[in-house]
Structures are given as structure tokens and as C-alpha cells.
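fold the following, please.
(2 chains)
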Amino acid sequence: MTTVTTGPQGGSHLVADLVTRALQGDDRAWGALVARYAPLVMSVCRRHRLDEADTLDVAQGVWLSLLEHLGSIREPAALPGWIATTTRRECLHLLTGKGGRQRAELVGEVDGATIDLTEQLDDMIVQAERHAALLEALADLPPQHQQLVVLLIHDPPLAYAEIGRRLDMPIGSIGPTRQRCLEKIRNHPAVAPLLESPARPAHR
Amino acid sequence: MYDDQWTDDELLSELGEALRAEREVPGALVDAGKAIFTWRSIDAELTALTQAHLTYDSFADDAALQGEESSLLVGVRSEQAALRSLTFAADDLSIELEVTDDGVLGQLVPPQSATVEVLSPDSSRVDVAVDEVGWFTLRPVPATRFRLTCHLASGASVVTDWISL
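Predicted coordinates for the structure are as follows:
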């Protein structure tokens, strides 16, 4: 199980640790970085309406750049922004069918549509970080509690009787356990800083 | 409703979205990313070689002619010319490529025999036959991006930028 250091930056400590270990040649740490940022790469590609083959191509370019720049990452908190910008650049590169020489830059584009896209990019980064923090907290719960949370958010929703049957758990203990799990997730060092900041998710 | 806390339902719904976003990522996207880690050792080897950079791309010119801003913002692929040609140049060697439907035709300039290798992100390396006047063919067109290395009779070695066709 992953160890996370407590601190105001939350998940950044985990990321800093993964970067350091990847630089030392730890392929599992590299794999964890890839898995952490894959949803962000996906959401930027989706925003550019790429099909699956093009998405894979773009992702490959992003991972290669990440590997190349791993040693020069000074501030892990800036990594999601870097990933999103690099993904966007690879998307534009692919869409314009160009070689590696000319690349569209975020800076300098003044078109209204582009500014809109940049704002969306910021939203995607914030959302991806929130998701990564929640998944990190979930992964730190004991396996049976992880299963309970997954069943609690099952779509379509499951009755407590069904959840109790699947987990071999008395119905009466589901409510209190749910409460304890959510408290642990709230207090997790990766999640707690998000709750203290004003960047609360828009309620849908 | 709290001001500085998610309610239990909000928290669960965010967790649900996080899991859903994670599930929607194709396994191949993560697997390819993991496989790229082996590229580190090749990369270290390549930094010692002479770099050949892209100096000409017929598609780049087309895109410029057709107004790249509009095509890039709407997210539509620009009209593509039937044949794409690319040139990668280092001080003493150029590599000219022409992309056809079923392969990539290559020419070393000045013409000379050499050993050419196709390097892929998953670290696979494939040798390509080069004739005595520097012609070679990649068949089929590589599906993923790749780099070419040329080991010349002079002992010099040249490596191209990443090529994505």
C-alpha cells in the first residue's frame, strides 16, 4: 500500500516520491504516474474529439515527453498543468498533420475560442487532480471498505440488503461503516487540502 | 449543506465520477505508457549520436496554405496531399522520406550504403535493408511514431527526431 506524507500539498508528495523513484529506474513508480495522469490525457483528447487510435498516438507522445522531462521536474504540483498543455499541443500537432517543426503554443493565441479552451483545460486539470486525490484515498482504505464504497456508488444503486449479501456484512453495520469510510477519505492527506480550499466541485 | 465540506452524497458522487473516468481510459493507453519506460536506456544511447532534425514537411506547407488557425480550432484534419514528403538533416547527411499508401520510401543524401534501424517507443528495433546508393523502404507504414538511426560506413551515426505519419 502506498505511503503518503501529510502536508499542505497533499497528493504532490506522492507524485514527488513517484518521480524520484521513476528516475531511479523503478518501473512501478513510472506505471503509477502513467495511471494517475491517463484520465487527464483522455479528457483533453476527448475535448479535441480524437478517436481512440489518435488518442493512443497522442498519449504515446505525451508519455515520451514526460519520460524525457522527468529529471527536470522541480515542482510536482505543476505536473498536471504540464501534462494537460503537452497533451493539447500533441492534439493540435496531430490535427494539423504537421511534422515536429511547427507547434501551436498556448501563449500568444488570442482568439476567443482558444481562450475558452484554455479555461476548459484548467477545469480539466482541477477535476483530474480531485479525482486522483479521491482514488488515492480510496486505495488506502482496507480492501473490504473499498468494496463497500464501490457498491455504494454502484449504478444503478443497490439496496443495503444486496450490498450486505455481496459483502457478507450485517445490514445494520453498513450505515456506520459507510460513515467511517467517508470520514477517512475526507481526512486523507491528499483529500483534506481540497476540502479546505474554495475549489469545491460544482454541485450537479 | 456545508460551506467547506462535501456532503456524504457529494463525496460519493465525486468518487463515482473518479472511478468512471478511470474505467473509461483504454487499457492500451496505460499499457503503452508503461512500456515506454524501457525507452530510457535507448534514449541515453541516442544522445551520443548526431541529431537529424526535420527541415521539410510537405504537410506543414499545406496546412499553412489552408489557414492552420481555423482548421486547428475546429478540430478537423486538414486536407492531405496524396504524398507526404519529409526531410531530416544533419551536417553531413540528409534523410529524405516519401510516404505512400503501402510504405515509406527513403533516400540517404549524399547516396551511400549504411545500416538503418527503425526504433519504436516500445523499444523494439528493426533493421532495414539499404542498397549501395542509399535507398531503403519501410513496409508497411509504421503505425506508431518512430525514429530512424543511420550507421554510416564512415563510422558516424545519425538519429532523426520522432516521426509520426
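
can I get the CA coordinates of the host helix or strand of A:A38 in PDB?
Per DSSP states H and E: A:A38 is located in helix A:27-47. The C-alpha trace of helix A:27-47 is given here as PDB (Å, rounded to 0.1, in the frame of the first residue of the first chain):
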ATOM      1  CA  ASP A  27       9.200   0.900 -13.400                       C
ATOM      2  CA  ARG A  28       6.300   0.500 -11.000                       C
ATOM      3  CA  ALA A  29       6.600   4.100  -9.900                       C
ATOM      4  CA  TRP A  30       6.600   5.100 -13.600                       C
ATOM      5  CA  GLY A  31       3.500   2.900 -14.200                       C
ATOM      6  CA  ALA A  32       1.700   4.700 -11.200                       C
ATOM      7  CA  LEU A  33       2.500   8.100 -12.800                       C
ATOM      8  CA  VAL A  34       1.100   7.000 -16.100                       C
ATOM      9  CA  ALA A  35      -2.100   5.500 -14.500                       C
ATOM     10  CA  ARG A  36      -2.500   8.700 -12.400                       C
ATOM     11  CA  TYR A  37      -2.400  11.100 -15.400                       C
ATOM     12  CA  ALA A  38      -4.100   8.800 -18.100                       C
ATOM     13  CA  PRO A  39      -7.600  10.100 -17.300                       C
ATOM     14  CA  LEU A  40      -6.400  13.700 -17.800                       C
ATOM     15  CA  VAL A  41      -4.700  12.900 -21.100                       C
ATOM     16  CA  MET A  42      -8.000  11.200 -22.100                       C
ATOM     17  CA  SER A  43     -10.200  14.100 -21.200                       C
ATOM     18  CA  VAL A  44      -8.000  16.600 -23.200                       C
ATOM     19  CA  CYS A  45      -8.000  14.200 -26.200                       C
ATOM     20  CA  ARG A  46     -11.800  13.800 -25.900                       C
ATOM     21  CA  ARG A  47     -12.200  17.600 -25.900                       C
END
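
just name the shakiest helix or strand of chain B by mean pLDDT.
Least confident helix or strand, chain B: helix B:68-74 with a mean of 42, by mean pLDDT, DSSP states H and E.

what's downstream of that helix, the next helix or strand?
strand B:84-89.

does stretch A:127-142 reach chain B?
Yes - Stretch A:127-142 is in contact with chain B by C-beta under 8 Å from any C-beta of the partner chain, via A:A128, A:R130, A:H131, A:A132, A:L134, A:L135, A:L138. Yep, even glycine has a C-beta here, placed from its N, CA and C like the rest.

give me the contacts around stretch B:141-158.
A:57, A:60-61, A:64, B:46, B:49-52, B:88, B:90, B:92-93, B:95, B:99-104, B:106, B:108, B:112-122, B:159-165 (C-beta atoms under 8 Å, 6 or more residues apart in numbering or on different chains).
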